[in-house]
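Undergrad: Next comes the sequence, and after it the predicted model I'd like to discuss.
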Amino acid sequence: MKKACRKDKIFYEGSECPICKSNQPASSWQGRLYILDKEKSTISKKIGIALEGEYAIKVR
């Protein structure tokens, strides 16, 4: 099952976030954002996304 990181908002599988190495996923989230090419995406530049992947829009 995929989890969303509270800090980076990236979805991940496994025990820790691939960006910040946190092991405390968000309990709830809303919306999904898919970044396929971070260099060409204006959204990824605007919100500071570090890796391509699937992100939650809002986490709690």
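TA: Structure received. Given the structure is predicted, the values throughout are model-derived calculations rather than measurements. Numbers count the residues shown, from 1 in each chain.

Undergrad: From here on, just use CA atoms for contacts and neighbour counts.
TA: Will do.

Undergrad: Beta-bridge partners for the most centrally placed residue in the chain, please?
TA: With distances taken as C-alpha atoms, centre = their mean, residue 10 lies nearest the centre of the chain, 1.4 Å away. Counting by DSSP bridges, residue 10 is bridged to residue 55.

Undergrad: Residue 56 is in contact with that one, correct?
TA: Yes - counting by C-alpha atoms under 8 Å, residue 10 touches residue 56, with 6.3 Å between them.

Undergrad: Give me the common contacts of these two.
TA: residue 4 (C-alpha atoms under 8 Å, 6 or more residues apart in numbering).

Undergrad: hey, which helix or strand in the protein has the poorest pLDDT?
TA: The weakest-scoring helix or strand in the chain, judged by mean pLDDT, DSSP states H and E, is helix 42-47 (a mean of 92).

Undergrad: Pull out the buried positions in that one.
TA: residue 44 (16 or more other C-alpha atoms under 10 Å).

Undergrad: Return that helix as PDB; C-alpha atoms alone will do.
TA: Below are the C-alpha coordinates for helix 42-47, written out as PDB (Å, rounded to 0.1, in the frame of the first residue of the first chain):
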ATOM      1  CA  THR A  42       6.100  24.500 -14.500                       C
ATOM      2  CA  ILE A  43       4.100  23.100 -11.500                       C
ATOM      3  CA  SER A  44       7.100  21.100 -10.200                       C
ATOM      4  CA  LYS A  45       9.300  24.200 -10.400                       C
ATOM      5  CA  LYS A  46       6.700  26.400  -8.700                       C
ATOM      6  CA  ILE A  47       6.200  24.100  -5.700                       C
END
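
Undergrad: Now find how far off-centre that helix is within its chain.
TA: 13 Å (C-alpha atoms, centre = their mean, to the nearest Å).

Undergrad: again with stretch 4-19
TA: Mean-position distance between stretch 4-19 and its chain equals 6 Å (C-alpha atoms, centre = their mean).

Undergrad: how long is it from one end to the other?
TA: 12 Å (C-alpha to C-alpha, to the nearest Å).
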